[in-house]
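Just a sequence and a predicted model for now, questions to come.
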Amino acid sequence: MVAVMDADMGAAQRPRQSRSIDLLTGEKLQYVRLGHAIVLNFSGGRQVLIETVAQLDGPGGRIEVEPGEEPSDVLATLLGDAVRSACTRAGGELHLRFAGGSELSVRADPEVESWAVAGPDGSLIVCLARGEIAVWGGRLG
């Protein structure tokens, strides 16, 4: 079960098992920035920040992608592909399914923030340590 913190509602926690992230649905991946954090930039000004190991399941099988000094550029294979669905899952995992069939998953880390989704309107969804999901300035779905 994932606890959700909604900063607009006085940081009240509500348990969640799986929630859609509608602000990514239909958006195309425009570019990928690699480094100590991986930043996926989508159409519409949306971004996904990945700070821990991610898994890409695609035509080439399952590949682990880790930010850092020498991150893999395999996420570039998703350039131009649109997000078919995006959601958080139990335990704080971020899951993106792309129109081309690839799937990207980022699990929660027990000690640090693992991922974030930012919208152009200032909305921010962050997976805190241990999988707690915090939402500011907007809604998940």
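Structure's in. What do you need?

quick one: low-confidence parts of this protein?
Where the chain drops to pLDDT under 70, the residues are 1-18, 138-141.

wouldn't L128 be in contact with E113 here?
Yes: if you go by C-beta atoms under 8 Å, L128 and E113 touch, sitting 5.7 Å apart. From N, CA and C alone the C-beta is placed, and that goes for glycine too.

can you map out the strands along the chain?
2-6, 12-16, 19-20, 29-33, 38-42, 47-50, 54-58, 61-65, 83-88, 94-98, 103-106, 115-118, 124-127, 133-136 (DSSP state E).

Which of these sits closest to D73?
In terms of C-beta to C-beta, the element of the strands of the chain nearest to D73 is strand 29-33, at 7.5 Å.

mind listing what G45 touches?
For G45, the contacting residues are G119, P120, by C-beta atoms under 8 Å, 6 or more residues apart in numbering.

Just give the number of residues close to the closest residue to P71 other than its chain neighbours.
Residue nearest to P71 in three dimensions, not counting chain neighbours: L34, with 4.4 Å by C-beta to C-beta, 6 or more residues apart in numbering. When neighbours are defined as other C-beta atoms under 10 Å, L34 has 16 of them.

Hmm, L34 is touching D73, no?
Yes: judged on C-beta under 8 Å, L34 makes contact with D73 at a distance of 6.5 Å.

gap between the two ends of stretch 78-93?
Distance between the two ends of stretch 78-93: 20 Å, counting by C-alpha to C-alpha, to the nearest Å.

swap in stretch 97-104?
For stretch 97-104, the separation between the terminal residues is 7 Å (C-alpha to C-alpha).

go on, stretch 39-58?
19 Å.

So which bits of that stretch are buried?
For stretch 39-58, a neighbour-count test (16 or more other C-beta atoms under 10 Å) marks 39-40, 42, 46-52, 54, 56, 58 as buried.

Quick check: chain neighbours aside, which residue is closest to V32?
Leaving aside its sequence neighbours, V32 sits nearest to L75 (C-beta to C-beta, 6+ apart; 4.9 Å).

What is the neighbour count of the one you found?
Neighbour number of L75 under other C-beta under 10 Å is 21.

tell me the contacts of it?
Neighbours of L75 in contact, by C-beta under 8 Å, 6+ apart: V32, I38, L40, L56, V65, L104.
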